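Structure here, sequence nowhere to be found:
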């Protein structure tokens, strides 16, 4: 039986980043520790191991770190969702609201066949806006979302409220 480790002790708080009043949850301290990183990936993959995941969908950039490793563990394909203009082939896009203004995310139009089962993985759930945009983009293509997984959830920002009806899993909650 593998020993359980406290992953919270590997997350570093950076006060006033990226702006005054924000406490940034720095995951680089977890990533550099081989035991903590492996444990986080194993936990994320184990939660969805029986869900017949065909593809793991992730938003750049930190989501790629966990998503690609989880895809490998699940024997699934890895699908990147990127900011506008970063993908080389024809894309489908979604525009979503930011605190000040809007942004656009894109996925290759042929990345995932309709009715495929996907898991969305990201490093952090805050307000839920980015992941909700990805959910909308995938649902518009008739893709089945088996779950959404995060390393960290900032519960006080109520991001889950934007993702109602989905199987949401977070390893660490603050």
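Received the coordinates, thanks. None of these values were measured; they are calculated from a predicted model.

List the contacts of stretch 32-47.
Stretch 32-47 is contacted by residues 4-5, 7, 10, 30-31, 66, 69-70, 73-74, 121, 147, 149, 151, 169, 171 when judged by CB atoms under 8 Å, 6 or more residues apart in numbering. (Glycine included, C-beta is placed from N, CA and C.)

Could I get the contacting residues of the residue most central in space within the chain?
Note on the chain: the residue nearest the mean C-alpha position is residue 122, at 1.5 Å, using CA atoms, centre = their mean. By CB under 8 Å, 6+ apart, the contact set of residue 122 is 58, 59, 62, 63, 66, 67, 130, 131, 148, 149, 150.

Quick one: which of the residues you listed is the most crowded by neighbours?
Highest neighbour count within those, by other CB atoms under 10 Å: residue 67, with 29 neighbours.

so where's this protein shaky on pLDDT?
1-3 (pLDDT under 70).

what do you get if the cut-off is 80, keeping everything else the same?
Low-confidence segments of the chain (pLDDT under 80): 1-4, 98-100.

quick one: the helices in it?
According to DSSP state H, the chain carries its helices in the segments 28-31, 34-47, 62-74, 129-139.

Mind listing residues that contact the first one?
Right, the one you point to is helix 28-31. Contacts of helix 28-31 (CB under 8 Å, 6+ apart): 7, 10, 11, 12, 36, 37, 40, 65, 151.

Can you add neighbour count and distance to residue 103 and give these back as CSV?
Conversion of the contacts of helix 28-31 to CSV gives the following (neighbours: other CB atoms under 10 Å; distance: CB to CB, whole Å):
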residue, neighbour count, distance to residue 103
7, 20, 29
10, 21, 29
11, 17, 26
12, 12, 27
36, 19, 31
37, 19, 28
40, 26, 27
65, 20, 20
151, 27, 22
